[in-house]
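Student: predicted coordinates and the sequence they were generated for:
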Amino acid sequence: MNIKEYIRPSSLDEAYEKLTSKERAVILGGGGYLKLGNKEIERAIDISNLGLEFINEKEDSIEIGAMTTLREIEINKITNENFNGILSEAVKPILGVQMRNIFTIGGSVYGRYGFSDIITALLALDTYVELYKEGRMSLEKFLNREHKEKDILTKIVILKDNRKASFKSLRNTSTDFAILNAAVSRVENNFKVVVGARPGIAKLSKEAAEYLSVVELNEEKAVKAGEIAADSLEFGSNIRGSAEYRKEICKVLVKRGILEVI
């Protein structure tokens, strides 16, 4: 990775101006995911001086700053004590501790990586992203928006609603990228069923969630909901697994997640 110009701004205003004034400028973040391939970066903007590394618990929400590392999310008391620790469980298998000390939540979410475990977990919660210019929007809307105008993700906001949640994944080895991951959450009779690493970006199976909201909850219905999720989502093939294999694994992971939250 070759960086021609490196800038460490002292304000979000300056960071945004530097980002938008050059076509091939990028936010550096932790920089870990940028190293996945050989890159020529015209301008790298380091936002480590902008106070965006924090995990704060409020009465009705949890706020995670964009520069917060995945390792901090893994070990932080707030993330471990809410939502059955789903965020901590989602990041634990990611490569090694050294890499989790580099990767940031902002880079993980803003990059919309198909292999992302943390996006799958966040999508199962009532999650919002806060962008410097566009403001707050739901994570689902952010992931699905068609335009990709440059902006800076400043924090993740998760509303607290007494939601129970579960994260599951399957990997060839303990620190490899997931072949498939899944998250299920429940608050009262409302469910969210999410499948990621398909290998595309994580998506909600609204069909499976709707089914669970109207049936008697038991193992038989959990199996059926897993089948509905597998049929409602698309799967692809890559070096880690075929589309057919992923579809079968989806049924199992979703079923296990449902059984945990019920």
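Tutor: That came through, no problem.
Student: could you pull out the strands for the stretch 151-262 of the chain?
Tutor: With DSSP state E, counting those that start in this stretch as the criterion, the stretch 151-262 of the chain has strands at 153-159, 164-170, 180-187, 190-196, 203-204.
Student: just name the most buried of the ones you listed.
Tutor: strand 180-187 (a mean of 28; mean count of other CB atoms under 10 Å). Yep, even glycine has a C-beta here, placed from its N, CA and C like the rest.
Student: now do it, average pLDDT.
Tutor: Averaged across strand 180-187, pLDDT comes to 97.
Student: same thing with stretch 242-256?
Tutor: Mean predicted confidence for stretch 242-256 is 97.
Student: cool, and stretch 195-205?
Tutor: 95.
Student: ok, stretch 217-232 next?
Tutor: Rounded mean pLDDT across stretch 217-232 is 96.
Student: can you list contacts of that stretch?
Tutor: Under the contact criterion CB atoms under 8 Å, 6 or more residues apart in numbering, stretch 217-232 has outside partners 182, 193, 195, 205-208, 211-212, 215, 247-248, 250-255, 258-259, 262.
Student: which ChimeraX command selects the buried ones in those residues?
Tutor: Applying 16 or more other CB atoms under 10 Å to the contacts of stretch 217-232, the buried members can be selected in ChimeraX as follows:
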select :182,193,195,205,208,211,212,247,250,251,252,253,254,255,258,259,262
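Student: which ones are touching residue 207?
Tutor: Taking CB under 8 Å, 6+ apart, we find residue 207 in contact with 228-229, 231-232.
Student: quick one on the thing from earlier: let's see which of the contacts of stretch 217-232 end up in helices.
Tutor: Mapping the contacts of stretch 217-232 onto helices (DSSP state H) picks out 206-208, 211-212, 247-248, 250-255, 258-259.
Student: ranking the contacts of residue 207 by neighbours, who comes first?
Tutor: residue 229 (31 neighbours; other CB atoms under 10 Å).
Student: ok, back up a step: TSV please, covering the strands of the stretch 151-262 of the chain and showing distance to residue 220.
Tutor: Converted to TSV, the strands of the stretch 151-262 of the chain look like this (distance: least, CB to CB, whole Å):
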stretch	distance to residue 220
strand 153-159	32
strand 164-170	18
strand 180-187	16
strand 190-196	16
strand 203-204	23
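Student: of all those strands, which lies closest to residue 107?
Tutor: strand 153-159 (8.6 Å; CB to CB).
Student: what does the closest one rub up against?
Tutor: Under CB under 8 Å, 6+ apart, the answer for strand 153-159 is 12, 52, 60-66, 82-83, 105-106, 109-110, 122, 125-132, 136, 139.
Student: just the buried residues of those residues.
Tutor: The buried subset of the contacts of strand 153-159 - by 16+ other CB under 10 Å - is 12, 52, 62-66, 82-83, 105-106, 109-110, 122, 125-132, 139.
Student: pLDDT weak spots in this structure?
Tutor: 30-37 (pLDDT under 70).
Student: measure stretch 167-179 end to end?
Tutor: Stretch 167-179 has an end-to-end distance of 14 Å (CA to CA, to the nearest Å).
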